[in-house]
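Chemist: with the sequence up front, the predicted model follows.
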Amino acid sequence: MLFMEFSRYCERLEKIPGRLEMIDLVSSILPGLSDEELPVFVRFIMGRVFPDWSPQKLGIGPNLLYDAVAYVVGTRREAVRGEINAIGDVGMAVEKLLANKEQTSFFIQEMDLVEVYRDFERIAEAEGRGSQREKLLVARKLFGNARPLEGRYLSRLMLEELRIGMGEGNARDAIARAFGVDVSLVEHAHQAINDLGEVALLARQGPEALRDVKVELFRPVKMMLAQAGTIAEQIGDHGEVAIEYKYDGSRFQFHKRGDLCRIYSRKLEDVTVGLPDIARQLSAATDHDVILDGEAIAMANGRPMPFQYVIRRFRRKHKVDSMMEKIELVPWVFDILYLDGATLIDLPFRERRRRLDEVLREHIAPQFRTGDVAEAERIYADALNLGHEGVMVKVLDSRYMPGIRGRQWVKVKPDVETLDLAVVGAEWGEGRRAGVFGSYLLAVQDQGRLLPVGKVATGISDEMLVELYQLAKESVIAQSGKEVTLEPSLVFEVGYSEIQASPNYESGYALRFPRFVRLREDKGVEGVETLDALSERYRRRSQSGATGGA
């Protein structure tokens, strides 16, 4: 498949308003692709370049992209940025700039879909001194051969924000329809191997190939997520439940085969280098090959420390020993996904816990089982007294569902409700906040699109304002007056008093009195709240008479 053909399909999808019609179109394309093209097309159509589990990252920021386009069209970075500011969309601006280039003497060589992917691999593999120049040269080559429409989607792919509405759910359903297999088999295979591109190849082989999929060591899967809820609801719905402390730490996934072990963060990044003490402790605690799910917390004087101390260790790559002396981390393991060659995610939680107790000698998170609400509330109060965030209430018969945020696991915390939201824009501050961004535009995830739900400005200290600005300033895509558009990379945990129906934002909702709680450095944009989950929160609050309209 030529990249131009891919681009035309993207253009068609971008104009389709209905989910079913999008699935129909993609499902009609997939069978005609070669085995080499199929996984690339599936990932690209979702706005991704590499599998979610892969350590490969493009590492192309807006400025490098602007420089590549500027070179090809014979202008300066500022002119490219100005065009983007005027149009408000990187892809459309690049398309317009390349339309002018087409009238020059540049020779255009047709680009093949797989060849574009190979060039992306070259960009990702560039490391060390001279890596930025190598990335720039490859980017120049790609834009030099791109026709205007190709430039629209090439630039969006480089920033991994395709904006055509083809998220994981739609891609999953299209794969199932294209190859005549049950969608539940596609979903299960995706949960196990964390790459819909590879799943599409298996679906082509048939249902048995999908059924045979196993979780693999050193290929991290997405972590199962929880929804907010109450103890009484869970016990009322399920009877006896498992209650565990909700730690104010950072999730990890521990993989071990023999003497080799690796630790992955919630974003599936390899963080072993910064956590040698955790690696040693867990390796010594079991003689088996395992994949464990747990949380690391920072401790001082027998009490848990805030999340910010934990994340300093997770992102540490240099002078790790000195940081270990300053911040002690303790691992607590609460689930097991793999044991000596066997995939365990389909077993009920009570059985996974039994096996965890058998194979891990230390660091198992305390668990309490009860069907009595009063007893559960006492456990909750004890958790808070110990300095934890609250409790997790888990259904004993639940299977492990990677990447799924459901009511099989419910988190119970006091007071304010919070959401994890993507940062998609900002506004320059005034007065005391002059010179930095004073507020940030937040969004939920909806099938590959990020839809705004409001702005947050309160709860951010002066020190944090400076830190956030340093993180966000290189991600500016466009600017219009005081407002800037950001390449989505940051995730904020935000508290709020209500969710309101609102026509002012594309999501259809707005947060009342949003307040910054913390920067979620352990989370990627793909892990933020979904529009469906936000709608469910709104519905539940509306039924209780707690939510108004706007």
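Modeler: Nice, thanks for sending it over.

Chemist: can you list the weak-confidence ranges in the protein?
Modeler: 102-107, 314-326, 415-416, 544-550 (pLDDT under 70).

Chemist: show me which helix runs longest in it.
Modeler: Of all the elements of type helix in the chain, the one with the most residues (DSSP state H) is helix 131-145.

Chemist: contact partners of the helix or strand that that helix is followed by?
Modeler: Per DSSP states H and E, helix 131-145 leads on to helix 148-158 as the next helix or strand towards the C-terminus. Residues outside helix 148-158 that contact it (Cβ atoms under 8 Å, 6 or more residues apart in numbering) are 3-4, 6-8, 10-11, 44, 47, 49, 58, 60, 65, 69, 90-92, 94-99, 102, 111, 116, 120, 139, 142-143, 146, 162-163. For every residue, glycine as well, the C-beta is placed using N, CA and C.

Chemist: pull out the buried residues from the longest helix of the chain.
Modeler: Going by neighbour count (16 or more other Cβ atoms under 10 Å), the buried part of helix 131-145 is 135, 136, 138, 139, 140, 141, 142, 143, 144, 145.

Chemist: and those residues, which two are furthest apart?
Modeler: Farthest-apart pair in the buried residues of helix 131-145 is 135 and 145; separation 16.5 Å (Cβ to Cβ).

Chemist: with respect to residue 468, which of the buried residues of helix 131-145 is nearest?
Modeler: Of all the buried residues of helix 131-145, residue 468 sits closest to residue 135, with 25.8 Å by Cβ to Cβ.

Chemist: in the stretch 201-350 of the chain, which spans are helices?
Modeler: 207-211, 231-238, 276-284, 307-314, 320-326, 349-359 (DSSP state H, counting those that start in this stretch).

Chemist: just checking, what packs against the next helix or strand after the last one?
Modeler: Tracing the chain past helix 349-359, the next element assigned as helix or strand by DSSP H and E is strand 367-370. Contact analysis of strand 367-370 by 3 or more Cβ pairs under 8 Å, 6 or more residues apart in numbering; DSSP states H and E lists strand 241-246, helix 373-385 as its packing neighbours.

Chemist: count of neighbours near the closest residue to residue 512 other than its chain neighbours?
Modeler: Sequence neighbours aside, residue 498 is the residue nearest to residue 512 in space, at 4.0 Å (criterion: Cβ to Cβ, 6 or more residues apart in numbering). Residues near residue 498, counting by other Cβ atoms under 10 Å, number 15.

Chemist: hang on, residue 498 packs against residue 510?
Modeler: No. Applying Cβ atoms under 8 Å, one finds residue 498 not in contact with residue 510, separated by 9.1 Å.

Chemist: about what we covered before: quick one: which of the helices and strands packed on strand 367-370 is nearest residue 422?
Modeler: It's strand 241-246; of the helices and strands packed on strand 367-370, that one is closest to residue 422 (Cβ to Cβ) at 22.9 Å.

Chemist: tell me the spacing between residue 369 and residue 3.
Modeler: 55 Å (Cβ to Cβ, to the nearest Å).

Chemist: that should have said residue 142, apologies.
Modeler: When residue 142 is compared with residue 3 (using Cβ to Cβ), they lie 9 Å apart.

Chemist: who touches both of those two?
Modeler: Counting by Cβ under 8 Å, 6+ apart, the residues touching both residue 142 and residue 3 are 111, 116, 154.

Chemist: element containing residue 484, please.
Modeler: strand 483-486.

Chemist: so what's residue 39 up against?
Modeler: 195, 197, 198, 200, 201.

Chemist: go again with 10 Å.
Modeler: 33, 51, 114, 117, 195, 196, 197, 198, 199, 200, 201 (Cβ atoms under 10 Å, 6 or more residues apart in numbering).

Chemist: what segments of the stretch 351-500 of the chain are helices?
Modeler: 373-385, 462-472.

Chemist: and the first one, what does it pack against?
Modeler: When you say that, I think you mean helix 373-385. helix 231-238, strand 241-246, strand 367-370, strand 390-394, strand 405-412 (3 or more Cβ pairs under 10 Å, 6 or more residues apart in numbering; DSSP states H and E).

Chemist: tell me, how many residues neighbour the closest residue to residue 195 other than its chain neighbours?
Modeler: For residue 195, ignoring the flanking residues on the chain, the nearest one in space by Cβ to Cβ, 6+ apart is residue 51 at 3.6 Å. When counting by other Cβ under 10 Å, one arrives at 18 neighbours for residue 51.

Chemist: residue contacts, residue 51?
Modeler: So residue 51 contacts 39, 43, 193, 194, 195, 196, 197, 198, 219, 268 (Cβ under 10 Å, 6+ apart).

Chemist: sort out for me which of those are in helices.
Modeler: 39, 43, 193, 196, 197, 198.

Chemist: quick one: the nearest residue in space to the last one that is not next to it in sequence from residue 220, how far?
Modeler: What that stands for is residue 198. Closest residue to residue 198 apart from its sequence neighbours, by Cβ to Cβ, 6+ apart: residue 39 at 5.8 Å. With distances taken as Cβ to Cβ, residue 39 is found 18 Å from residue 220.

Chemist: give me the three-state assignment for the residue nearest to residue 195.
Modeler: Applying DSSP: H, G, I helix; E, B strand; the rest coil to residue 51 yields a three-state assignment of coil.
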